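K.L.:
just coords:
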């Protein structure tokens, strides 16, 4: 097709992540002529290099963990060995299934053109696509939606560009088990991979610059997570900053860090850099459209996800804020409701739950205790160890605790953190109570089936009336 030909669409979507894909299907089904442009694979970060593959591998790690614990349950097992090539193949098969299913849905939706290539703005409403198959296409539409996500960030550590460092994508392609994995970053990515590879059989050291793991969590939550990591045999170094890194003559990684007591050199077989993510905006040529970004490259949007340029929207991780798949999907719902259902949906005051898939899981929603106190709220805090929950004891999975922050005057639940077996599912129960404005006292007196983990909510809130 000649590059001078400009193809007119009703909507152009850049990126096929958890917002872009369903939005394309809905717009196409509603009769909008829609182009969706994907640089590599349908499904975005979540399906290809995020939630789907990592949680698949976490499950393999948990099986190895339970197999080694067989004797605790009266089950005799032999030595446990992990075949990384088979772990990788299982992960790849599930990713391909999800990815191919998503691509087929787009290809089979009326009015939707799936275009593989790299998009860049040439004007406020014009896009040039450098096709993966060669050549270019020129597109125009009154509505343009950016859902290009983010990628792992490389921190400014001397020598990092000269060593074979892994990121959250490349580490999942290993077919050998690292002897000693050094993890740079104590956020959820570093913790999930650190614990996973420890369970596979690697020695693991986690290096965290801040005073605690999971910087946004309450201190007691972060301390309990660190305790669990250490119980699993992981070395956790807090208030430790990476200074420089090099590969020694034996092919090992030497990571020099600064601690409170001076410099120290850690030596490992592999280095995972898990120190944040940056938005995929640098190749979009946003300046040609006049779209504003912040200092970190994230696209600025209003409460309805529209940029400063009318008709151009940003959804998911590329706009900043909580980088969770479910937030990206909710961004899609906002756009869908406003454009197709004449609604008035916004991001204002929406719930932002999240689960860290360490084991036991950490599920959290709403205000932390520190946030509630900083707001000057009159609060009460309910907290019990998971060892108070009969079901957790029966499963021999009693690490962690439940914690809820409640308004002392209204008895409304303001937030919770559940660090325990299936913590994400228990957190969701409390989220539903928050959405329905159910007071904590109702949960305290509710009949839950025995013995379930949910029954622990009775015990949790009883402590407020002692």
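P.N.:
That came through fine. Here the structure is a predicted model, which is why all the values come from computation and not from measurement.

K.L.:
mind listing what the spatially most central residue of the chain touches?
P.N.:
For the chain, residue 324 is the residue whose C-alpha lies nearest the centre (Cα atoms, centre = their mean; 4.7 Å). If you count contacts by Cβ atoms under 8 Å, 6 or more residues apart in numbering, residue 324 has them with 352, 354. Glycine gets a C-beta too; all of them are placed from N, C-alpha and C.

K.L.:
from residue 236, how far out is the closest residue to residue 277 other than its chain neighbours?
P.N.:
Leaving out its chain neighbours, the residue that sits closest to residue 277 by Cβ to Cβ, 6 or more residues apart in numbering is residue 150, at 4.2 Å. Residue 150 sits at a distance of 26 Å from residue 236 (criterion: Cβ to Cβ, to the nearest Å).

K.L.:
could you do residue 160 as well?
P.N.:
Distance from residue 160 to residue 236, by Cβ to Cβ: 21 Å.

K.L.:
what's the answer for residue 121, then?
P.N.:
Separation of residue 121 from residue 236 (Cβ to Cβ) stands at 44 Å.

K.L.:
residue 268 now?
P.N.:
Counting by Cβ to Cβ - residue 268 and residue 236 are separated by 15 Å.

K.L.:
cool, residue 259 as well?
P.N.:
From residue 259 to residue 236 the distance is 12 Å (Cβ to Cβ).

K.L.:
tell me which of the two has more neighbours.
P.N.:
residue 236 (21 against 13; other Cβ atoms under 10 Å).

K.L.:
tell me who's in contact with the more buried one.
P.N.:
With Cβ under 8 Å, 6+ apart, residue 236 has these contacts: 186, 206, 208, 213, 226, 229-230.

K.L.:
swap in residue 323?
P.N.:
The contact partners of residue 323, by Cβ under 8 Å, 6+ apart, come to 150, 277, 317.

K.L.:
related to what we said a few turns ago, now list the buried members of the contacts of residue 236.
P.N.:
186, 206, 208, 213, 226, 229 (16 or more other Cβ atoms under 10 Å).

K.L.:
mind telling me the two of these farthest from one another?
P.N.:
Of all pairs drawn from the buried ones among the contacts of residue 236, the widest gap by Cβ to Cβ lies between 208 and 229 and measures 10.5 Å.

K.L.:
give me the distance from stretch 237-249 to the chain's centre.
P.N.:
For stretch 237-249, the separation from the chain centroid amounts to 25 Å (computed by Cα atoms, centre = their mean, to the nearest Å).

K.L.:
cool, stretch 311-323 as well?
P.N.:
Using Cα atoms, centre = their mean, the offset of stretch 311-323 from its chain centre is 15 Å.

K.L.:
of the contacts of residue 323, which belong to strands?
P.N.:
150, 277 (DSSP state E).

K.L.:
any idea which of the contacts of residue 323 is closest to residue 166?
P.N.:
Residue 166 has its nearest neighbour among the contacts of residue 323 in residue 277, at 14.9 Å by Cβ to Cβ.

K.L.:
pLDDT score for the closest one?
P.N.:
In the predicted model, residue 277 carries a pLDDT score of 94.

K.L.:
in the stretch 201-350 of the chain, which spans are helices?
P.N.:
219-231, 325-340 (DSSP state H, counting those that start in this stretch).

K.L.:
buried ones in stretch 147-155?
P.N.:
Those would be 147-153, for stretch 147-155 by 16+ other Cβ under 10 Å.

K.L.:
including pLDDT, could those go into a markdown table?
P.N.:
Shown next, in a markdown table, are the buried residues of stretch 147-155 (pLDDT from 0 to 100):
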| residue | pLDDT |
| --- | --- |
| 147 | 98 |
| 148 | 98 |
| 149 | 97 |
| 150 | 96 |
| 151 | 95 |
| 152 | 95 |
| 153 | 93 |
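
K.L.:
average pLDDT for stretch 336-356?
P.N.:
Average pLDDT, stretch 336-356: 96.

K.L.:
going forward can the numbers begin at 635, since that is how I track them
P.N.:
Renumbered: residue one is now 635, and that last one reads stretch 970-990.

K.L.:
can you mark which positions in that stretch are buried?
P.N.:
970, 972-973, 979, 981, 987-990.

K.L.:
for that stretch, measure first residue to last.
P.N.:
End-to-end distance of stretch 970-990 (Cα to Cα, to the nearest Å): 29 Å.

K.L.:
and it, how far from the chain's centre?
P.N.:
So, by Cα atoms, centre = their mean, the centroid of stretch 970-990 is 18 Å from its chain's centroid.

K.L.:
returning to that earlier point: name the nearest of the contacts of residue 870 relative to residue 1050.
P.N.:
residue 847 (18.8 Å).

K.L.:
residues near residue 744, how many?
P.N.:
11.

K.L.:
which stretch of helix or strand covers the residue lying closest to it once chain neighbours are set aside?
P.N.:
Leaving aside its chain neighbours, residue 744 sits nearest to residue 662 (5.7 Å; criterion: Cβ to Cβ, 6+ apart). Using DSSP states H and E, residue 662 maps to helix 654-663.

K.L.:
what's the helix or strand immediately after that helix in the chain packed up against?
P.N.:
Next along the chain after helix 654-663, taking DSSP H and E as the criterion, comes strand 668-672. Using 3 or more Cβ pairs under 8 Å, 6 or more residues apart in numbering; DSSP states H and E, the elements in contact with strand 668-672 are strand 640-648, helix 654-663, strand 746-757.

K.L.:
pull out the buried positions in the shortest one.
P.N.:
Taking 16+ other Cβ under 10 Å as the basis for neighbour counts, the residues of strand 640-648 that come out buried are 641, 643-648.

K.L.:
partners of that strand, with directions?
P.N.:
Using DSSP bridges, strand 640-648 pairs in its sheet with strand 668-672 (parallel), strand 770-780 (parallel).
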